[in-house]
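**Student:** here are the coordinates; sequence isn't available:
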C-alpha cells in the first residue's frame, strides 16, 4: 500500500521521472497555520542545500529540483480546514532517455526486477519509479504539517536526527571524509547510519504487541529507500549484557531511570525517558562502476554501464527524512493515545 496511519493518515503518489510527486494527508485538525514557505527549509535539507560544508555537497547528486510546492486542497486563507490536504511538487530536472537503454536490464541492488515481476512489466522503470528516493520529498512535506500539530499537542517534544557514521567511520571525522573522497573518485557509493532522538515524549505512547512504539516507527522508517536495519537503545549490544546491568533502574516517581539501555521504551510503550534509535542505510545502488546483470528478453548475462547523476553518499541528506517519518508516526500514536483517555 502507499498509505500509512490510522487517525493521521498519509498517502504518497508520483514517480521519480513522472510529472509530479505528492502526498495527501487526512486527519489534520482545522485552524493550523500553513503556507508554502513553511516547507522550504526541510525540503532544502533533504537536498543537502543547507549543509555549510561545500565539500559535503560534492558527494550528493547533481540532479537539481526547485521543489516548488503547490497546496491544492485542505487549506483556505492560510489555515487548514480539517479536510484532506493534498500537495504536490513538479519534477523538472529530468533525463529519462538513458533509462530506455536499461529497460530490460534490471540494475543490481535496485527494485527493477522485483517491481517488473510484481507489476507484470507495467512498472515505471525510469529513475526507479515509485521506489526512488525522490518520493521522500512527499514524506518531508507531510512531516512539516505533522510537526506543527505535534507542537500544538506538546510543544516540548523534540525530534532530532544526525549522521552518525559513514562506512565504518564516525561522522564527522577526517577518516569519514577521506573515505568519501575515495568513494567519489572510484565512481562508487557508500552507506552509513543515522542516530535519532525523541525528547520529552510522555510515558504511555505506543500500543502493546503489533503497534508497539518500536514496530510503528520501524514500519514507516523502512519506507525510506535504502534502509536495511534499525535498532533501539543499545540494540544489537543487548544480548551481551547481563540483565542486572541492562535493567534501567527507576530513580523517581516520574519514571526517570539511572541508565537508558532500553532507549526509552518498555513493552512497546514510551516510559518518559529519551527515546533513541539508529537506522542503517546501505550504499546507493546506482554506481558508475561496471557491473553485470541479465537481459530479461534474451536471458543472457550482459555488462551494465550506468550513466546518470547519483549520490556518492545519500545518507548525508537523510537526517531530515528520518525526522520526518518519525514525526508522522508519533502524531498518529499521539492521536490514538488521546482517544484512549477520553
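**Tutor:** It's in. Nothing here was measured: the structure is a model prediction, and the numbers come from that model.

**Student:** only C-alpha atoms for contact and neighbour calcs from this point on.
**Tutor:** Noted.

**Student:** Which helix or strand in the protein has the lowest average pLDDT?
**Tutor:** Lowest on mean pLDDT, DSSP states H and E among the helices and strands of the chain sits helix 97-100, with a mean of 71.

**Student:** helices and strands around that helix, which ones?
**Tutor:** Helices and strands touching helix 97-100, by 3 or more Cα pairs under 8 Å, 6 or more residues apart in numbering; DSSP states H and E: there are none.

**Student:** quick one: average pLDDT of whichever helix or strand comes after that helix?
**Tutor:** Downstream of helix 97-100, the first helix or strand assigned by DSSP states H and E is helix 112-118. Throughout helix 112-118, pLDDT has a mean value of 91.

**Student:** Mind listing residues that contact the least confident helix or strand of the chain?
**Tutor:** Helix 97-100 is contacted by residues 125, 126, 127, 307, 308 when judged by Cα atoms under 8 Å, 6 or more residues apart in numbering.

**Student:** Give me the distance from it to the chain's centre.
**Tutor:** Centroid displacement of helix 97-100 relative to its chain, using Cα atoms, centre = their mean, to the nearest Å, is 27 Å.

**Student:** Same question for that helix: list its buried residues.
**Tutor:** Going by neighbour count (16 or more other Cα atoms under 10 Å), the buried part of helix 97-100 is residue 99.

**Student:** Same question for stretch 66-82.
**Tutor:** Buried residues in stretch 66-82, counted by 16+ other Cα under 10 Å: 67, 69, 71, 74, 75, 80, 81.

**Student:** I'd like to know which of the contacts of helix 97-100 are buried.
**Tutor:** Among these, the ones that count as buried by 16+ other Cα under 10 Å are 125, 126, 127.

**Student:** can the buried residues of stretch 66-82 go into JSON lines with extra columns for pLDDT and secondary structure?
**Tutor:** Shown next, in JSON lines, are those (pLDDT from 0 to 100; DSSP: H, G, I helix; E, B strand; the rest coil):
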{"residue": "67", "pLDDT": "87", "secondary structure": "coil"}
{"residue": "69", "pLDDT": "94", "secondary structure": "strand"}
{"residue": "71", "pLDDT": "97", "secondary structure": "strand"}
{"residue": "74", "pLDDT": "98", "secondary structure": "coil"}
{"residue": "75", "pLDDT": "98", "secondary structure": "strand"}
{"residue": "80", "pLDDT": "98", "secondary structure": "strand"}
{"residue": "81", "pLDDT": "98", "secondary structure": "coil"}
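
**Student:** Of those, which is the nearest to residue 45?
**Tutor:** residue 67 (11.7 Å; Cα to Cα).

**Student:** Find the nearest non-adjacent residue to that closest one, please.
**Tutor:** Distance criterion Cα to Cα, 6 or more residues apart in numbering; nearest residue to residue 67, sequence neighbours excluded, is residue 89 at 5.7 Å.
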